[in-house]
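J.: Output the structure for:
(one chain, ligands or ions: 1)
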Amino acid sequence: MAAVLRKLIQGRLPALAGVLCRRSGNEGHLFLNSSGSTLMQPRCGYSSPTESVIVEMDKATGVALLKLNIPPVNSLSLPLLTELAIVLDKLEMDKHCRGLILTSAVPNIFSAGLNLFDMMDKPNEHYSEFWRAVQEIWIKLYGSSLANIAAINGSSPAGGCLLALCSDYRIMANNPHFTIGLNETRLGIVAPFWYDILQWRVHHPPPCLHLFVMALVFRLHVHHPSAMTKVTRAYSTELKISVSYVKQPINWRSHEIYK
Ligand SMILES: CCCCCCCC/C=C\C/C=C/C(=O)SCCNC(=O)CCNC(=O)[C@H](O)C(C)(C)COP(=O)(O)OP(=O)(O)OC[C@H]1O[C@@H](n2cnc3c(N)ncnc32)[C@H](O)[C@@H]1OP(=O)(O)O
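T.: Here you go, the predicted structure:
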C-alpha cells in the first residue's frame, strides 16, 4: 500500500487502479453515481467522464478511492459538493467499506477551492444552500467513521486546502509546481472558525499518528494479514490514541488539550 500511495501521489492513478484491480480479482470496482445507485464493473476501468466523483471500491481491502472529476480545476461547486455528500453517505453506510482515499482525476489539480461563481451574483437563497453544502462536506469528512486520507496530487489552494484538512491524514505530491495554502484571504474571504481546529490537528500531531497511518497501510496489505495482526496487537494502545486523535469530537475548545 505504501508503494500504491507513492504512485498515487506521483499522479500515476492508472497504476493504482491496476494494483487495486489485481488484488480484487478483476471484479472489485464499484461505481456510485449521484443518485446513489451502484454499478459493478466487470474489469478494471474508469467511470464516465461526466461523473463528478469517481468511486472505485476495492472489495478485497474495503478501501474506496474517490476521485474528484470536474475539469478544469475541480472547483467545489454546489453540484460537486452535493454529489460528494451523497457518495460519502453511501460509503458510510456500506458495511464493507473501511476507509477512503480522496484524490483528483484532474491532472495537476487537487481542487481550486470553492467555486467562485457560486459566491457571486446569486440570490441569498443560493448562498445559504451553497454554504450549507460546504459545511456538510466538512462535517461528513471530518466526522466520518471511516479512515480517510487525502492524496493531494496537484495544486490545492483555498477551499481545496481546507478540504484536505478535513481528512485524517494528508500526503502531497512532491512537485514544486503544486501550490497549497489559503490564498483566498487576498480576496477578503476568511476561513471559518473551525479551520483553527483542523489547522491545530495538522500542526500538532501526536507521534503515534504516523503509526496510525502505518497501521492503515498494513491493514490494507491483504497479502500479509499475520504481519498486520502483529503490528496492531503490539501497538494497540498507540493506535487507540491515534484513532481518537483524528476522530476527536468537533469542539471549539478541544484543541486546548493538545497545547
Ligand atoms: C468543502 C468542505 C471543506 C472546505 C471548506 C471550505 C470552507 C472555506 C471557506 C472559505 C475559505 C475558502 C474560500 C475559497 O475557496 S475561495 C476560492 C479561492 N480559490 C482560488 O483563488 C483558486 C484560484 N485558482 C487558481 O489558483 C488556479 O486556477 C489553479 C492553481 C487552481 C489552477 O491553475 P491553472 O491550471 O493555471 O488553471 P487556470 O488558472 O487557467 O484556471 C482554469 C479555469 O478554471 C477557472 N477557475 C480557477 N479557480 C476557480 C474557482 N475557484 N472557481 C471557479 N473557477 C475557477 C479559471 O477561471 C479558468 O477558467 P477559464 O478562464 O474559463 O478557463
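J.: Contact residues of the protein facing the ligand?
T.: Within reach of the ligand by CB under 6 Å from any ligand atom, the chain has these residues: 72-73, 75-76, 109, 112-117, 134, 137-138, 155, 157-159, 162-163, 166, 183-184, 189, 191-192. From N, CA and C alone the C-beta is placed, and that goes for glycine too.
J.: Among the residues you listed, name the buried ones.
T.: 73, 75-76, 109, 112-115, 134, 137-138, 155, 157-159, 162-163, 166, 184, 191 (16 or more other CB atoms under 10 Å).
J.: hey, where'd the helices end up in the stretch 151-259 of the chain?
T.: Assigned by DSSP state H, counting those that start in this stretch, the stretch 151-259 of the chain shows helices spanning 159-165, 194-203, 208-220, 225-234, 236-246.
J.: which one of those has the lowest average pLDDT?
T.: Lowest mean pLDDT within the helices of the stretch 151-259 of the chain: helix 208-220, a mean of 61.
J.: just for this protein, where's the confidence low?
T.: Within the chain, the stretches with pLDDT under 70 are 1-50, 206-208, 210-229, 231-232, 248-259.
J.: Please repeat the previous calculation with a cut-off of 80.
T.: Of all residues in the chain, those with pLDDT under 80 make up the ranges 1-50, 193-259.
J.: Can you check which helix is longest in it?
T.: helix 124-142 (DSSP state H).
J.: Check which helices and strands that one is in contact with.
T.: Packing contacts for helix 124-142, counted by 3 or more CB pairs under 8 Å, 6 or more residues apart in numbering; DSSP states H and E, involve helix 78-93, helix 159-165.
J.: Dump the C-alpha coordinates for the first one into PDB.
T.: Extracted C-alpha coordinates of helix 78-93, given in PDB (Å, rounded to 0.1, in the frame of the first residue of the first chain):
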ATOM      1  CA  LEU A  78     -22.900  23.200  -5.400                       C
ATOM      2  CA  PRO A  79     -23.400  20.200  -7.700                       C
ATOM      3  CA  LEU A  80     -20.000  18.700  -6.900                       C
ATOM      4  CA  LEU A  81     -20.500  19.200  -3.100                       C
ATOM      5  CA  THR A  82     -23.900  17.600  -3.400                       C
ATOM      6  CA  GLU A  83     -22.600  14.600  -5.300                       C
ATOM      7  CA  LEU A  84     -19.700  14.200  -2.900                       C
ATOM      8  CA  ALA A  85     -22.100  14.300   0.100                       C
ATOM      9  CA  ILE A  86     -24.200  11.600  -1.400                       C
ATOM     10  CA  VAL A  87     -21.200   9.400  -2.100                       C
ATOM     11  CA  LEU A  88     -19.800   9.900   1.400                       C
ATOM     12  CA  ASP A  89     -23.200   8.900   2.800                       C
ATOM     13  CA  LYS A  90     -23.300   5.800   0.700                       C
ATOM     14  CA  LEU A  91     -19.800   4.700   1.800                       C
ATOM     15  CA  GLU A  92     -20.500   5.400   5.400                       C
ATOM     16  CA  MET A  93     -23.500   3.100   5.200                       C
END
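J.: Tell me the first helix or strand C-terminal of that helix.
T.: Counting by DSSP states H and E, the next helix or strand C-terminal to helix 78-93 is strand 99-104.
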